[in-house]
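Student: Sequence and computational prediction follow.
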Amino acid sequence: MTFFIIILYGILGLFLLVTLVNVSTGPRLSHPPKKSRFTNPTISVLVPARNEEHNLPACLESLLALDPAPAEILVLDDHSTDKTREIIQGFAFKHKQVRGIRGKELPAGWVGKTWACHQLSQEASGEILVFTDADNTYHPAALERSVRWMQALNLDMLSAFPQQTLKTLPEKLVIPVVDLFVYSMLPLWLTRFSPFPSLAAANGQWMVFRKEAYDTLGGHKEMASEIVEDVAMSRKTKKRGLHLLTTPGTGTVYGRMYRNAEEVRAGFAKNLFGLTGFHSGLFFLIFSMLLLTMVIPYGLLIFSPGLAVAGTVILNLLIRMLLVLAYRHPPFVSIVLHPISILYTARIALHSWNSYRKGSITWKGRAVIKEENTR
């Protein structure tokens, strides 16, 4: 028992240290280096959209309010069956910056989003390419802050994890846990200064590239079959010796990924197994460690209370409190329901693994099959 508690302290202490470093000294999109210069490159903002009639108007209004204004906002309608196409046409009629693109049929061997992003990149003319999702909104300085970071650190790729708008309980339970994976397990400065691709991360909701670097990487064409294309792109950036930075987008980029329990379940079933590169061993190692360090201590506190066990629970609470304060997670659910949020996320993760094994993942009406990657 004593040895087990020592292991818990070691792992939780490391998580707390990484969290403290990220919270206190980590890069933030909202705070570019003070002495950074700013030249105004031509910027193309690229938005893939499939059945986004509820999100797209707010996204486009927000993009049109950016300062500096992008040279062009290209929106691809990916065979939507709702009013997405009409909304794009309406904005394009009123605003010369906005141009609608009708998506072509999905070729074999491509994932829907990578195909949409590839088509957008073929139409873009900017020196800077910004890929973003239709369910985002933005601070007016989002582009300026991103470009300042790019120019100050000579970046080829920058990605930000948006500040998520969370309204339903399933959203509040799961999405902050995904942030925990990043902010408590990955020192963010290592995404820039470490050469190791394993220390890379990205979020497809906000990815910024120098056009030359994007072409060097082969663009989304090289990611054609990647389901978690953002992470794959970040790792390839490092493999090619290019410069990457991953930051929190808190206070600058806002997103609402899912709106109910079914969307949370389907969305993360698509992504969670893929985050480990479809490695079953790594997948079960990570989630076993989470259950061991973030759920078991609460059980021990009930059935075998003591100061040593209480200390492991306090470490858990400190980690979640820091994340709440720094990244604006919902306080009650994140801190009080912390072990429940881990269990709920682990349940969806297991569903993700099992669904990929069965080849039964679907997203937005399309089958998502990646059997060749599961092992």
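Tutor: Now that the structure is in, tell me what you want to look at. Source: prediction; values computed, not measured.

Student: what about residue 41, distance to residue 132?
Tutor: 17 Å (C-beta to C-beta, to the nearest Å). C-beta coordinates here come from the backbone N, C-alpha and C atoms, glycine included.

Student: so how many other residues sit close to residue 358?
Tutor: Applying other C-beta atoms under 10 Å, we find 10 residues neighbouring residue 358.

Student: got it, and residue 307?
Tutor: With other C-beta under 10 Å as criterion, residue 307 counts 6.

Student: Who are the contact partners of it?
Tutor: If you count contacts by C-beta atoms under 8 Å, 6 or more residues apart in numbering, residue 307 has none.

Student: Would you map the strands across the stretch 51-200 of the chain?
Tutor: Per DSSP state E, counting those that start in this stretch, the stretch 51-200 of the chain carries strands over the ranges 72-77, 98-102, 128-132, 136-138, 157-164.

Student: can I get these in JSON lines with mean neighbour count and mean pLDDT?
Tutor: Formatted as JSON lines, the strands of the stretch 51-200 of the chain follow (neighbours: other C-beta atoms under 10 Å; pLDDT from 0 to 100):
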{"stretch": "strand 72-77", "mean neighbour count": "24", "mean pLDDT": "98"}
{"stretch": "strand 98-102", "mean neighbour count": "18", "mean pLDDT": "97"}
{"stretch": "strand 128-132", "mean neighbour count": "25", "mean pLDDT": "98"}
{"stretch": "strand 136-138", "mean neighbour count": "21", "mean pLDDT": "97"}
{"stretch": "strand 157-164", "mean neighbour count": "26", "mean pLDDT": "97"}
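
Student: Nearest to residue 22 among the ones you listed would be which one?
Tutor: Closest to residue 22 of those, according to C-beta to C-beta: strand 157-164, at 11.3 Å.

Student: Each with direction, which strands does that closest one pair with?
Tutor: Using DSSP bridges, strand 157-164 pairs in its sheet with strand 206-210 (antiparallel), strand 244-255 (parallel).

Student: Ok, which of those comes nearest residue 183?
Tutor: Taking those one by one with C-beta to C-beta, strand 244-255 is closest: 7.1 Å.

Student: to the chain's geometric centre, what's the distance from that closest one?
Tutor: On the basis of C-alpha atoms, centre = their mean, to the nearest Å, strand 244-255 is displaced by 9 Å from the centre of the chain it belongs to.

Student: which parts of the helix or strand that comes right after that strand are buried?
Tutor: Note on strand 244-255: by DSSP states H and E, the next helix or strand toward the C-terminus is helix 261-271. For helix 261-271, the neighbour count (16 or more other C-beta atoms under 10 Å) marks 261, 264, 265, 266, 267, 268, 269, 270, 271 as buried.

Student: who's in contact with residue 126?
Tutor: By C-beta under 8 Å, 6+ apart, the contact list for residue 126 reads 41, 42, 43, 44, 70, 71, 72, 211.

Student: which strands and helices sit next to the helix or strand where residue 287 lies?
Tutor: Assessed by DSSP H and E, residue 287 sits inside helix 280-294. The contact analysis (3 or more C-beta pairs under 8 Å, 6 or more residues apart in numbering; DSSP states H and E) places helix 280-294 against helix 2-25, helix 307-327, helix 338-358.

Student: can you do 6 Å?
Tutor: When contacts are defined as 3 or more C-beta pairs under 6 Å, 6 or more residues apart in numbering; DSSP states H and E, helix 280-294 packs onto helix 2-25, helix 338-358.

Student: list the contacts for residue 328?
Tutor: Residues near residue 328 by C-beta atoms under 6 Å, 6 or more residues apart in numbering: residue 163.

Student: Among the strands paired with strand 157-164, which comes closest to residue 101?
Tutor: So among the strands paired with strand 157-164, strand 206-210 is nearest, using C-beta to C-beta, at 18.3 Å.

Student: any idea of the mean pLDDT for whatever helix or strand comes next after the closest one?
Tutor: Toward the C-terminus, strand 206-210 is succeeded by helix 211-217 as the next helix or strand (DSSP H and E). For helix 211-217, mean pLDDT rounds to 97.

Student: Can I get the next helix or strand after helix 211-217 as CSV, trimmed to CA atoms?
Tutor: Proceeding N to C from helix 211-217, the next assigned helix or strand is helix 229-239, under DSSP H and E. As requested, the backbone C-alpha atoms of helix 229-239 are provided in CSV (Å, rounded to 0.1, in the frame of the first residue of the first chain):
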residue,chain,number,x,y,z
GLU,A,229,-5.3,15.3,-38.9
ASP,A,230,-4.4,18.2,-36.7
VAL,A,231,-2.1,16.1,-34.4
ALA,A,232,-0.6,14.3,-37.4
MET,A,233,0.2,17.7,-39.0
SER,A,234,1.9,19.0,-35.9
ARG,A,235,4.0,15.8,-35.7
LYS,A,236,5.0,16.1,-39.3
THR,A,237,5.9,19.7,-38.8
LYS,A,238,8.5,18.6,-36.1
LYS,A,239,9.7,15.7,-38.2
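
Student: And helix 229-239, what's buried?
Tutor: 229, 230, 231, 232, 233, 234, 235, 236, 237, 238.
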